[in-house]
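A.B. asks: Give me a 3D structure for the following:
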Amino acid sequence: MHADRITRLKQVIKDSELDALALNPGPTLSYLTGLSFHLLERPILALFSANADPTLIVPDLERGKAESTDFDLQLFSYDESASSRAETFQKACQSLNSYRVGVEPLRMRVMELRLLEEHSRQATFVSGEVILNELRIIKTPEEIEIMRKAVVAAEEALEAIIPLIRIGMTERDLEAELTLQLLRAGSESEFPFDPIVAGGVNSALPHATPTERTLQTGDLLILDWGARVNGYISDITRTFALGEIDEELNTVYEVVRAANKAGRNAVRPGASCGDVDCAARDVIEDAGYGAFFIHRTGHGIGLEAHEPPFIRADNPRILQPGMTFTVEPGIYLPGRGGVRIEDDVLVTSDGVESLTTYTRKLETIS
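C.D. replies: Residues are numbered from 1 along each chain as shown. Below is the predicted model of the structure:
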């Protein structure tokens, strides 16, 4: 599998304006090689070009892991001394001297970039985003099946904590319960992101951090969480009512639910990312709450919680079967509360499938 992915990458590089790609440890490197490394004070770097085996630079303590790969590579390792590290990078980077090298803009650290610049002075380093955006955007059936498992784990965790929610518990208490249930449901311990648990006025903050605020009757409660299974993630949001909520908040919930449905219904091959955003946004704007929908409608998911395609109004990207992303419209009323409903969807050959199945009807917890 990894050899096939590297072969495909070589062709993508050959067809691009780049000569090579330099990667830090992270999801893309794991996707290509199956190798995961901690990104600490010892630099690790992989170099890919169109006409050679991949080059991997690692500290000696990671050499055994690197030797376990199922494809051919050029492996360089260094000991704890600065001189060994410099000598190793010098040898490994010799082939880059006249190259135009793409890097991962959101991943490449200054440490590794400076080492590349120092030991391949004639190379030019630019964003490799054009290549990287295409590499993982279409999911294989095998990847999709793993993502289904991540959705199941997340939804099982939600079902386990709902009976535990009670008035007077803190957001942090509930976050701890959700974390525990995610692990019990089969998620890896490295979650896609820290769960969001936001009640009352805090639910008006799209990326709220759980606090010591207690849950109160009349609150809206937003839960935004996900699981990771075999590296692939789910990302789900549901909003609950704690006891009786006021009439406008009920109205806001139904507007968001309709917007979520409109966004999902707009997903099909040949539609654009912008079409999906506009379908959801039009519902909210027509209801008079457009000023309170303050983020895009969604983002791609896979090995990362945020990856292409990005579902925003100005994105003309055409949807293709195998793309996976979120549809998550929201309305946030400052000082009062917010509603977000987020589903994970798959573009199919003739439309859309929602990987998430948990009800979107407003549930009241008392």
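
A.B. asks: thought Glu171 was touching Asp219?
C.D. replies: No. The criterion here is C-beta atoms under 8 Å, and Glu171 misses it with Asp219 at 10.3 Å. Heads up, the C-betas are built off the backbone N, CA and C, glycines and all.

A.B. asks: most centrally placed residue in this structure?
C.D. replies: With distances taken as C-alpha atoms, centre = their mean, Ala305 lies nearest the centre of the chain, 1.4 Å away.

A.B. asks: Okay, it and Tyr31: tell me how far apart.
C.D. replies: Distance, Ala305 to Tyr31, by C-beta to C-beta, to the nearest Å: 15 Å.

A.B. asks: Strands along the stretch 51-200 of the chain, start to end?
C.D. replies: Ranges of strands in the stretch 51-200 of the chain, per DSSP state E, counting those that start in this stretch, are 55-59, 74-78, 100-103, 124-127, 196-199.

A.B. asks: swap in the stretch 201-350 of the chain?
C.D. replies: Going by DSSP E, counting those that start in this stretch, the stretch 201-350 of the chain shows strands at 220-225, 228-229, 232-233, 236-242, 298-300, 307-311, 324-327, 330-333, 337-340, 343-347.

A.B. asks: just to revisit the earlier point, who touches both of Glu171 and Asp219?
C.D. replies: Common neighbours of Glu171 and Asp219, using C-beta atoms under 8 Å, 6 or more residues apart in numbering, are Gly199.

A.B. asks: Compare the strands of the stretch 51-200 of the chain and give me the one nearest Asp19.
C.D. replies: strand 100-103 (5.1 Å; C-beta to C-beta).

A.B. asks: Show me how far that closest one is from its chain's centre.
C.D. replies: Between the centre of strand 100-103 and the centre of its chain there are 23 Å (C-alpha atoms, centre = their mean, to the nearest Å).

A.B. asks: and if you look at stretch 79-90?
C.D. replies: With C-alpha atoms, centre = their mean, you get 34 Å for stretch 79-90.

A.B. asks: per-residue confidence averaged over the helix ranked longest in the chain?
C.D. replies: Determined from DSSP state H, the single longest helix within the chain is helix 141-161. Mean pLDDT, computed over helix 141-161, is 98.

A.B. asks: do the same with stretch 3-12
C.D. replies: For stretch 3-12, the mean confidence score works out to 93.

A.B. asks: Just the CA trace of that stretch, in PDB.
C.D. replies: C-alpha atoms of stretch 3-12 as PDB (Å, rounded to 0.1, in the frame of the first residue of the first chain):
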ATOM      1  CA  ALA A   3       4.800   1.600  -2.100                       C
ATOM      2  CA  ASP A   4       1.800   2.300  -4.300                       C
ATOM      3  CA  ARG A   5       1.200   5.700  -2.600                       C
ATOM      4  CA  ILE A   6       4.800   6.700  -3.000                       C
ATOM      5  CA  THR A   7       4.700   5.700  -6.700                       C
ATOM      6  CA  ARG A   8       1.600   7.900  -7.100                       C
ATOM      7  CA  LEU A   9       3.400  10.800  -5.300                       C
ATOM      8  CA  LYS A  10       6.300  10.400  -7.700                       C
ATOM      9  CA  GLN A  11       4.000  10.900 -10.700                       C
ATOM     10  CA  VAL A  12       2.300  13.900  -9.000                       C
END
